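Asker: need a structure here:
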Amino acid sequence: MRWLLCIFILMGQQAQAIEVDVELALMVDVSRSMGPSELELQRRGYAEAIASDEVVNAILNGFTGRIALTYVEWAGSGSNRVIVPWTLIDSREAALDFSEKLTDNFPFGMRRTSITGAIRFAMEDMNANTFEGLRRVIDISGDGPNNQGGPVERARDQAIEKGFVINGLPLMTTDGNSYWSIADLDLYYEVCVIGGPGAFVIPVREWQEFPLAVRRKIVLELVGPPEVIPAARSGRRTDGYDCFIGEKMREEWERSYNEF
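Answerer: Have a look, this model is predicted:
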């Protein structure tokens, strides 16, 4: 009898699922390599993008005219902070309400950088929500390579196998703590992080570019696979690219710290 009860519960959950064009998880890096002003710029940039005419029109002109959206801040493995939980966006008012929640308060940094943890959290969180998206997109932004939580490629591949798309917004500004970043972060994201049909990278090299980049990225994620030239196709070689560079940097730092 117990198995019959489980079947009925699962059927009820599926019946209640709300169909949307896209389930979009905005996974935003708040590791301590970024200062308070940069963390605030991130929040404001996403808030402005979600409330913009371009994003709202992209939502309302979709097949169902609605999406499911969540905003999560992440850092080290297990450090995932849900700022706005899964929300149905089906009107301009809903988009504005979501945007306002992002600026109710501003974030503080957390330790480490686990893109692996962010991807896995997004998958689990999306699987547990009450929406059924025609596409399921994990949007990763960050200013450095993975340095904790296991191989990022493995998490990326698991997500792709389960039908997720991962896009990247590498933050390549030079005004933060650059020790934990790398010069070719866009290439790292292209080779090691993103994946799935139409996956793309939009790098941010100056903070003044950030609001426009976020708006452009979200619109592209809503309207479907974009025509964007990936970082790895810009003439740079990707053969043998080291996706463990972040872990090696952390090991070197810890070795130097212990010796000191």
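Asker: Strands of the stretch 101-250 of the chain, start to end?
Answerer: With strands called from DSSP state E, counting those that start in this stretch, the stretch 101-250 of the chain shows them at 131-142, 164-170.
Asker: Could you give the backbone dihedrals for Ile59?
Answerer: Ile59 has phi and psi values of phi -70, psi -50 when expressed as degrees, to the nearest 10.
Asker: quick one: it from Asn105, how far?
Answerer: 25 Å (Cβ to Cβ, to the nearest Å). Any C-beta I mention is one placed from the backbone N, CA and C, and that applies to glycine too.
Asker: go on, Pro197?
Answerer: Distance from Pro197 to Asn105, by Cβ to Cβ: 36 Å.
Asker: likewise Glu38?
Answerer: For Glu38 relative to Asn105 (Cβ to Cβ), the value is 16 Å.
Asker: who's more crowded, those two?
Answerer: Of the pair Glu38 and Asn105, Glu38 is the one with more neighbours under other Cβ atoms under 10 Å, namely 19 against 9.
Asker: what helix or strand is that one on?
Answerer: helix 36-51 (DSSP states H and E).
Asker: any weak-confidence spans in the stretch 1-150 of the chain?
Answerer: 1-15, 32, 106-111 (pLDDT under 70).
Asker: now the helices for it?
Answerer: Counting by DSSP state H, counting those that start in this stretch, the stretch 1-150 of the chain has helices at residues 2-16, 36-51, 53-60, 92-102, 115-128.
Asker: Of those helices, which is nearest Asp157?
Answerer: helix 115-128 (10.1 Å; Cβ to Cβ).
Asker: what residues does that closest one touch?
Answerer: For helix 115-128, the surrounding residues in contact (Cβ atoms under 8 Å, 6 or more residues apart in numbering) are 23, 25, 27, 29, 70, 72, 74, 76-80, 82, 86, 136, 138, 140, 142, 145-146, 148-152, 154-156, 158-159, 162, 164, 166, 193.
Asker: can you tell me how far the nearest residue to Arg250 once chain neighbours are set aside sits from Ile89?
Answerer: In space, and not counting its chain neighbours, Arg250 is closest to Asn147: 4.1 Å by Cβ to Cβ, 6 or more residues apart in numbering. Distance, Asn147 to Ile89, by Cβ to Cβ: 33 Å.
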